[in-house]
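1. From the sequence below, what's the structure:
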Amino acid sequence: MNKTTQTVESAASGGAFHIEDIYPLIDGGRFPVKRIVGERVEVWADIYRDGHDVVAAALVWRRERDREWRREPMTHSSNDRWGGSFVPDLPGRYVYAIEAWTDEFATWRHGFELKQKAGADLTLDALEGAGMLTKAQAGGHAAAAIILRQCEDFLRTGETAPLLTDELKNAMAVSQLPPDLTRSPLFPLVADRPRARYGAWYEMVPRSQGKLPGQHGTFRDSIARLPDIAAMGFDVVYLTPIHPIGHTNRKGRNNAVTAAEGDPGSPYAIGSAEGGHDAVHPELGTLQDFRDFVAACRQHDMEVALDFAVQCSPDHPWLKEHPQWFRRRPDGSMRYAENPPKKYEDIVNPDFSSQDAGALWNALRDVVLFWIEQGVKIFRVDNPHTKPFRFWEWLIHDVQLRHPDVIFLAEAFTRPKLMQGLAKLGFTQSYTYFTWRTQKWELEQYLSELVAYPEHDYYRPNFFVNTPDILPYHLQGGEEWMFKSRVALAATLSSTYGIYNGFELLEHEPIPGREEYLDSEKYEIKVRDWDRPGNIKPYIRDLNRARRENTALQQTSQLRFVPVDDGNVIAFVKESVNQTNSVVAAIALSREVHEFWLPLGDIEVGMAGDRRHVAALENLMTGERYPLEWGGIRLRIDPVRDPALLFRCLA
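-> The predicted model follows:
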């Protein structure tokens, strides 16, 4: 029978302190906590040891690749609970830990003062304390000067008062070498730039940005569209794949198995004789044209997000250059991608279990690095849950060590645990189930999960109202109020949201009985009149303006639902991270007119220490102000006119 025995030596060498119940922590420190650079990171822990000695604790932290630790003191609150904080000053990966030790001088002083009150003889105790001063050595010149002066005063006068000053206590706190210093394990943290938490995304298909029917759009055409997109207030322009498209088994219109002459194929069938993942489709233009597009977005205060799809057309150069990266069936034929009941004959997946998988990993990493060199800092990753998790954890870590400002969005509509797992291992943002949440109770339940601990510390939701693959049933009626309601919900419930081009035009024709677009531009080139009557561009513009002007809407976690006695009106309050801005929203979920009472009597706003009840509301769209009476306000929503009411809270 195997038996582990703890020796006296091993027990005696263990740390004197218990450091436990640490916050924030994801799966015991296995995965990094996510924060935003420049914002304070609060850390709590229970710290205790045996006996009555005075305990001291500190929070130590550094960037992952740095050697020097930075240190912030922790303070005791109650019941052995300690707290501290630090501010990551640059984007990147960090580690932090908690240290605890016995403050021997503070312990001596505490005991001395107790004996002093009891009237005991303190001669030897005073000498003991003075002797401790002679051993101090680590606090720096200022602390050393204080210690020397107080020691000399005691020796000159024989009075104990110089040994009991707070000034000396603080100097000794930083000057003693702690004999029982105990450090917790190191815990990871990622500090991202603000765009990781806040942004409005506009998804566009570059080849459909032209003006002539049947003519392939170009990057130049896409540049011409940017003023319109910027005018709607978007922050990120997300492009579907821009690479050469294969010819073998090319899909036809409406996902037909056989393409007709002139059909452009799916942009997700990546790779042809013209190149692979590090090339641009020749009909879109040149690599320089793409760089010009990136620069043009920057001029409009927008960023480019690029689709990163780890899949290949059978014509991709890698199949000839690295055949070992792909699987074949027993008869030697190519194993095409499958997602039962669908089969994608125009796509093959790399084999991550091949003997040459290391080279494949490096090649895919190099694709990301290549596009970073072209100015791209945001990547939307297609179906990451179908690739090994350990690959994504390695790739994201490796890329962000080189480029800490790079953002990865996980496009994974799959089981909750898988989506959460991808977020834990490194994805900056994640797609969500919002697309299908329509009822008040399920929206409240879902958001309550997203903003709860620990999920809010690693899962940043990106609420897309539609995608090229998903036309939700609730949009298929083409009702303007519903389109407005959905985009208002997305833009206010989540600090990051997105629309797929055509949403602003109320495009809604589905394949009968399915949540997919008829005549999808995944398989054909579309030409649109982006200003055609009936569009909701001004409405989206106003929503995005409200988001930019109110920092409460630039975060997701500080959200509280307000009870409204109407099952088809959802109401909530959001507060900014620095507590300087609060917004209340009420949004209709059905078409009829709604009249209801919005209770805000228990809602407080303002900075900590100066919290006040809401006294009035200011309409974010009109600027009108309404005082609260009896702790609330009566509101009316006519969804046909506007399904959402947004107010700034005034104290």
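
2. where along the stretch 401-550 of the chain do the helices fall?
-> Along the stretch 401-550 of the chain, the segments classed as helices by DSSP state H, counting those that start in this stretch run 416-425, 440-450, 480-493, 537-549.

3. you'd agree T107 is up against V55?
-> No: with contact defined as Cβ atoms under 8 Å, T107 and V55 do not form a contacting pair (9.1 Å). C-beta here means a position set from N, CA and C on the backbone, and glycine is covered the same way.

4. Comparing those two, which shows the higher neighbour count?
-> V55 (21 against 17; other Cβ atoms under 10 Å).

5. State the pLDDT value of that one.
-> V55 carries a pLDDT score of 94 in this model.

6. on that earlier part again, tell me the most buried of the helices of the stretch 401-550 of the chain?
-> Mean neighbours per residue, mean count of other Cβ atoms under 10 Å, is largest over those for helix 480-493, with a mean of 24.

7. which outside residues touch that helix?
-> Outside of helix 480-493, the residues within contact range by Cβ atoms under 8 Å, 6 or more residues apart in numbering are 200, 434, 443, 447, 463-465, 474-475, 497-499, 503, 506, 534, 536, 539-540, 543-544, 547, 553, 556, 559, 570, 572, 574, 583, 585, 587-589, 591, 639-640, 642-644, 646.

8. next one: stretch 16-25
-> Residues external to stretch 16-25 that are found in contact with it (Cβ under 8 Å, 6+ apart): 29, 33, 41-50, 55, 98, 100-102, 180, 182, 184, 187, 453-454, 457.

9. Okay, and which of those residues map to strands?
-> Those of those mapping onto strands are 33, 41-48, 55, 98, 100-102, 182, 187, per DSSP state E.

10. Farthest-apart pair in those residues, please.
-> When Cβ to Cβ is used, the two most widely separated members of the ones in strands among the contacts of stretch 16-25 are V33 and T102, lying 28.9 Å apart.

11. thinking again about what came up before, give me the buried subset of the contacts of helix 480-493.
-> Buried subset of those (neighbour count, 16 or more other Cβ atoms under 10 Å): 200, 434, 443, 447, 463-465, 474-475, 497-499, 503, 506, 536, 539-540, 543-544, 547, 553, 556, 559, 570, 572, 574, 583, 585, 587-589, 591, 639, 642-644, 646.

12. Number of residues surrounding the nearest residue to Y446 once chain neighbours are set aside?
-> Nearest residue to Y446, sequence neighbours excluded (Cβ to Cβ, 6 or more residues apart in numbering): R437, at 5.2 Å. Summarising burial for R437: neighbours were counted as other Cβ under 10 Å, giving 19.

13. how close does R437 get to A490?
-> 10 Å (Cβ to Cβ, to the nearest Å).

14. Check G498 too.
-> Separation of G498 from A490 (Cβ to Cβ): 8 Å.

15. quick one: common contacting residues for those two?
-> Jointly contacting G498 and A490 under the rule Cβ under 8 Å, 6+ apart are F463, F464, V465.

16. buried set for the helix or strand encompassing L124?
-> Per DSSP states H and E, L124 falls inside helix 123-133. Using 16+ other Cβ under 10 Å as the test for burial, helix 123-133 gives D125, A126, G129, A130, M132, L133.

17. possible to save those residues as CSV with pLDDT and distance to C297?
-> Shown next, in CSV, are the buried residues of helix 123-133 (pLDDT from 0 to 100; distance: Cβ to Cβ, whole Å):
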residue, pLDDT, distance to C297
D125, 93, 71
A126, 94, 72
G129, 94, 66
A130, 94, 68
M132, 94, 63
L133, 94, 63
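
18. Nearest to L148 among these?
-> When the buried residues of helix 123-133 are compared for distance to L148 (Cβ to Cβ), L133 comes out closest, at 8.1 Å.

19. The closest one contacts I147, correct?
-> Yes: L133 lies in contact with I147 (Cβ under 8 Å); the separation is 5.2 Å.

20. Which neighbours do the two have in common?
-> Common contacts of L133 and I147, defined by Cβ under 8 Å, 6+ apart, comprise L168, M172.

21. Can you tell me the closest non-neighbouring residue to the residue nearest the centre of the chain?
-> What sits nearest the mean C-alpha location of the chain, by Cα atoms, centre = their mean, is R460, with 3.8 Å. Leaving aside its sequence neighbours, R460 sits nearest to Q429 (Cβ to Cβ, 6+ apart; 4.7 Å).
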